[in-house]
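Colleague: 3D, please:
(one chain, ligands or ions: 1)
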Amino acid sequence: MRPVGSKYLLEEPLGRGATGTVWRARQRETAGAEAAVAGQPGETVAIKVLKEELANDADVVMRFLRERSVLLRLTHHNIVRTRDLVVEGDLLALVMDLIDGPDLHRYLRENGPFTPVAAALVTAQVADALAASHADGVVHRDLKPANVLLTEDENGMRPMLTDFGIARLADSPGLTRTQEFVGTPAYVAPESAEGRPQTSAVDIYGAGIMLYELVTGRPPFSGDSALAVLHQHLAQEPERPGGLPEPLWTVIERCLRKQPEERPSAVNLARALRTVANGIGAGASPEAASAAMGVAALLAPDPTPAPVPGTGADGQAAGNAGNAGHAGNADPTQVLPHRGAAGAAAAGAAGAAAGAAAGAAAAGYDPSAETNVLPTTGTQGGQGGQGGQGGQGGQGPGGNADPTQVMPPMPGGPPQGGQQQPEGPHPWEGQMQAARDRNEQTQVQPMDPSLDPLRRRPQRRPGPPPPQQPPYGQQQYGAPGGPGAPYGQQPQRPPMQPPPPQQYEPQPPPRREPPRREPPPRREPREPREPRRRSANPMRIPGLGCLKGCLFMILILVVICVLVWNFTPVPEWWAQGKSFWDSATDLVGKIGDLIGKLGN
Ligand SMILES: Nc1ncnc2c1ncn2[C@@H]1O[C@H](COP(=O)(O)OP(=O)(O)OP(=O)(O)O)[C@@H](O)[C@H]1O
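Modeller: From the prediction side, this is the model:
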């Protein structure tokens, strides 16, 4: 058991998220006056111990302390109460009420989608929590089912929103110096993705995504990579699930508007959802049903949305928070370049975050998983941007993130009220194109072999063309057989074409050409060999070669005999009449004596 401060003891981990680990803990002694809840010794609590990177970041610690009062005073029936904040050495921890129940993400996975009425009622309570926090100027920014804990009370299931302020802590300038992006792609509002000013409307967008997920079991936008998901947030309208009651769809659709100022306020959302829940149930009265049908009238936007500090929304007139002040506001959590931004800083931040998003692109990617703290890999960045010195691999399992990969230009771009449209192509579009080009699958294209450096061989001597085939360079590709003619009958390869223009839409996999059959290599005609010279037997007398060999051997033997007779003692032995054996033994003995003398 590890102590946290002097007042708490960690007992067992409950779960781990991107920003830290949550522990079941026990209170050792009553907390001091600085805690919101003093607690009793022995009481069980939940403690979120923030990750070391966060705890070691001076900005985070400063912010943690500064926001202490905000977090501690945030109390609501549907908000997990923060009881205390502990700063001790390298440790930052939030002490919370322990909620004895699963989070909504797990509940959904284990029990399947909610009925429309249940989904509306659960989300209405989450909207209540948002309304309270927005009124206090606190924007959650990471609303998702995993951050809604479920507990039971006398009225049934009570959702409780947790992790307030964590997203804000995690995207401190200090952390973004290390190029990290905090967010959960499946729930990221378009303005956050684009780095536009953010307000409390980002939470309404998150609530809309969550509501959609509750009734269908999956968020509206998904894809193989963070980048694909973010692109959909920006450019794609959510698909209406089949069988969803019209009033509930009206609410979802309004929450998911790309323009933040078109989304309802949290208060209105809560009211609208309750009206819908009353009107779509089996026993709904005609009045309730007709009130539900008129729900659109209840979904008025927030005239004074709470700005998210540091995103350019601070100090803006409430009503136009989504329209102005884009350029030059490099939001550290920005994921994608916004089309109107010309500031180098914004581009840099976009590079960082987009690289991060690309880094998460990998097999098995779950866009609704925990808050992503993605190392960024941006390669481009302006002076103020954060993405300039990327290069780390992304966190995605696949790991082959292209650091220059960014969001593609949107066809027409999302409607942006009052926002300036760029005149030329956005600088990132070029990067995007380059990345795509690099990732383009190798296209199998017929190629004139005379132009193919791999096939061109030095020709020793130009030979006559084979009689049955025209020479290579003159083949008529695709002419007679036509595209449909069976392979092998004709020289039917299509003519070489320039690569098709690049489009963002997923392209059908390149058509596989049948394997090219190489024509048999042409053989060079052999040069006539020079006739061999056979001067020794010009008349070709049979057996003469053998006789010559015999005569040669006889000559050698004669020479040897002459040498032996003249230079060895053999004639002497012969004269003495000694046998060959005696003479040889004699000779060997003499040689031995001689060697012995020499040795002495
Ligand atoms: N107050 C609490 N009481 C009981 N369990 C909690 C409490 N807060 C969090 N948990 C549980 O602890 C686990 C981890 O929580 P955490 O908030 O770190 O995860 P997360 O939301 O998935 O991560 P993140 O938001 O950092 O991406 C979750 O399974 C959650 O259910």
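Colleague: could you list the low-pLDDT ranges of the chain?
Modeller: Within the chain, the stretches with pLDDT under 70 are 167-183, 313-544.
Colleague: the ligand contacts on that one?
Modeller: Counting by Cβ under 6 Å from any ligand atom, the chain comes close to the ligand at 14-15, 17-20, 22, 46, 80, 96-99, 103, 142, 146-147, 149, 162-163, 370-371. C-beta: built from backbone N, CA, C; applies to glycine.
Colleague: let's see that with 5 Å instead.
Modeller: Residues of the chain lying close to the ligand (Cβ under 5 Å from any ligand atom) are 14-15, 17-19, 22, 46, 80, 96, 98-99, 103, 146-147, 162-163, 370-371.
Colleague: so residue 273 versus residue 245, what's the distance?
Modeller: 12 Å (Cβ to Cβ, to the nearest Å).
Colleague: those two: which has the busier surroundings?
Modeller: residue 273 (31 against 19; other Cβ atoms under 10 Å).
Colleague: pull out the buried members of the residues of the chain next to the ligand.
Modeller: 17-19, 22, 46, 80, 96, 98-99, 103, 146-147, 162-163, 370-371 (16 or more other Cβ atoms under 10 Å).
Colleague: from these, pick the one nearest the ligand.
Modeller: residue 17 (2.0 Å; Cβ to the nearest ligand atom).
Colleague: element containing residue 206?
Modeller: helix 201-216 (DSSP states H and E).
Colleague: helices and strands around that helix, which ones?
Modeller: With contacts defined as 3 or more Cβ pairs under 8 Å, 6 or more residues apart in numbering; DSSP states H and E, helix 201-216 has these neighbours: helix 104-111, helix 116-135, helix 190-194, helix 246-255, helix 266-280.
Colleague: want to try JSON lines for those, with distance to residue 239 as columns?
Modeller: Converted to JSON lines, the helices and strands packed on helix 201-216 look like this (distance: least, Cβ to Cβ, whole Å):
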{"stretch": "helix 104-111", "distance to residue 239": "19"}
{"stretch": "helix 116-135", "distance to residue 239": "16"}
{"stretch": "helix 190-194", "distance to residue 239": "17"}
{"stretch": "helix 246-255", "distance to residue 239": "11"}
{"stretch": "helix 266-280", "distance to residue 239": "19"}
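Colleague: so which of those is the most packed in?
Modeller: helix 190-194 (a mean of 29; mean count of other Cβ atoms under 10 Å).
Colleague: in strands, which of the residues of the chain next to the ligand fall?
Modeller: 14, 15, 22, 46, 96 (DSSP state E).
Colleague: which one is the last one nearest to, not counting chain neighbours?
Modeller: What it means is residue 96. Leaving out its chain neighbours, the residue that sits closest to residue 96 by Cβ to Cβ, 6 or more residues apart in numbering is residue 46, at 4.6 Å.
Colleague: who's the one you found bridged to?
Modeller: residue 24, residue 96 (DSSP bridges).
Colleague: residues in contact with it?
Modeller: 14, 22, 23, 24, 25, 80, 95, 96, 97, 98, 99 (Cβ atoms under 8 Å, 6 or more residues apart in numbering).
Colleague: one more time with 7 Å, if that's ok
Modeller: Residue 46 is in contact with 14, 22, 23, 24, 25, 96, 97, 98, 99, counting by Cβ atoms under 7 Å, 6 or more residues apart in numbering.
Colleague: go on, residue 246?
Modeller: residue 293.
Colleague: so how far is residue 294 from it?
Modeller: For residue 246 relative to residue 294 (Cβ to Cβ), the value is 11 Å.
Colleague: do the same with residue 254
Modeller: For residue 254, the distance to residue 294 - Cβ to Cβ - is 13 Å.
Colleague: also residue 232?
Modeller: For residue 232, the distance to residue 294 equals 30 Å [Cβ to Cβ].
Colleague: swap in residue 226?
Modeller: Distance from residue 226 to residue 294, by Cβ to Cβ: 38 Å.
Colleague: top helix in this protein by residue count?
Modeller: helix 544-567 (DSSP state H).
Colleague: got the CA coordinates for the helix holding residue 206 in CSV?
Modeller: Extracted as CSV, the C-alpha positions of helix 201-216 are listed here (Å, rounded to 0.1, in the frame of the first residue of the first chain):
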residue,chain,number,x,y,z
ALA,A,201,-20.2,23.6,-27.6
VAL,A,202,-17.4,20.9,-27.9
ASP,A,203,-19.1,19.1,-25.0
ILE,A,204,-22.4,19.2,-26.8
TYR,A,205,-20.8,17.6,-29.8
GLY,A,206,-19.4,14.9,-27.5
ALA,A,207,-22.8,14.4,-26.0
GLY,A,208,-24.3,14.0,-29.4
ILE,A,209,-21.7,11.4,-30.4
MET,A,210,-22.3,9.6,-27.1
LEU,A,211,-26.1,9.6,-27.6
TYR,A,212,-25.6,8.2,-31.1
GLU,A,213,-23.4,5.5,-29.6
LEU,A,214,-25.8,4.6,-26.9
VAL,A,215,-28.6,3.9,-29.3
THR,A,216,-26.5,2.1,-32.0
